[in-house]
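[1] structure for this input, please:
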Amino acid sequence: MLATNEREIWRAYDAWGVIRVVEAGPYRFLCFGEELETEQACILIHRPDWVEYDYVQAMLMTGVFHSRPKRALVLGLGAGTLPRGLRRLLPELQMDVVELRGQVYEAAKQFFEFPEADPQMQIHVMDAVEFIHNAELDAYDLILADIYLEEGMASAQGTAAFLDQCNRLLKRDGIIVLNQWQRGQSGHPQNEELFKACYPGRYWLLPVEEGNVVVYAFPHQTPDAPSRQLVDAMRQAGRRMELPFGRLLSRLNIPSAQ
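    Numbering: from 1, shown residues only. Presented below is the predicted three-dimensional model:
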């Protein structure tokens, strides 16, 4: 999305490379690396609550798929658009947010309207794999994983060990949603065999404009197909959030068990 009229307004370095904040037209971007294509997140400068990327909008829909989520774990902060969106969608939700890079957390607070303090949100600057191996079992209703570095999706997010540990942290009716790389334009994740093995007949797919696919997985029970009541609730939430949840829901793919 970045244009050639970009203007860099901040940068920092850490063990994983360079972190930049760039403005181009009405947008402000968080970028990992020097290339224009390394954008990780963006906001509209004049409307920072707007959720620009389809994949973030799709991940937020998890808060409607679950009937009464009370506690969520967000793995990967980026610019903070996902936890800020969850706060708007579910004002009473308790959140743990894990971010590997302290400078990313600083950029989110300084340039992307991420709150300095929220009594219902705890920020953990640490490795997500370490966090999930030490977190409380059966504690979360939702886990949202969006762990990316400059070179792409963190390798751990595509492993059975990562999914298995996340499953242990979820309650009986819990949902894990992951932002995954799409296989070409197929609408399926590159590593779909992993999801077939870990969640046979218990995962949904939603391909998004950015070329990724959002995976919703149900570790402990087989979900019913979206009911009319759920569709109505999704549209109502979309109107409240001013986001196209109804349009996105129409793309949902429910693979059959194999």
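[2] tell me the mean pLDDT over the helix or strand encompassing Met95?
    Using DSSP states H and E, Met95 maps to strand 94-99. What strand 94-99 shows for mean pLDDT is 98.
[3] now tell me what touches that strand from outside.
    For strand 94-99, contacts defined as Cβ atoms under 8 Å, 6 or more residues apart in numbering pick out 70-78, 83, 86-87, 105, 118, 120-126, 128, 131, 135, 140. (Glycine included, C-beta is placed from N, CA and C.)
[4] show me what the nearest residue to Ala79 once chain neighbours are set aside is bridged to.
    In space, and not counting its chain neighbours, Ala79 is closest to Ala41: 3.5 Å by Cβ to Cβ, 6 or more residues apart in numbering. Beta-bridge partners of Ala41, counted by DSSP bridges, are Leu30.
[5] what do you get for Val214?
    Here Val214, judged by DSSP bridges, has bridge partners Asn179, Leu206.
[6] burial count for it?
    By other Cβ atoms under 10 Å, 29 other residues sit near Val214.
[7] what of Pro207?
    So Pro207, with other Cβ under 10 Å, has 22 neighbours.
[8] relative to Arg247, how far out is the residue nearest to Ala79?
    According to Cβ to Cβ, to the nearest Å, Ala41 stands 21 Å off from Arg247.
[9] who has more neighbours out of the two?
    The neighbour count for Ala41 versus Arg247, taken as other Cβ under 10 Å, is higher for Ala41 (25 against 12).
[10] and the pLDDT for that one?
    Ala41 is assigned 95 on the pLDDT scale.
[11] which ones are touching it?
    Contacts for Ala41 (Cβ under 8 Å, 6+ apart) come out as 29-30, 53, 78-81, 112.
[12] tell me, what residue is most central in the chain?
    Asp146 (4.5 Å; Cα atoms, centre = their mean).
[13] what sits against that one?
    Asp146 touches 55, 59, 74-76, 78, 82, 178-179, counting by Cβ under 8 Å, 6+ apart.
[14] and the residues you listed, which is closest to Thr222?
    Leu178 (18.5 Å; Cβ to Cβ).
[15] can you map out the strands along this protein?
    All strands of the chain, identified by DSSP state E, fall at 7-14, 17-24, 27-32, 39-44, 71-75, 94-99, 121-125, 140-145, 148-149, 152-153, 170-181, 203-207, 212-217.
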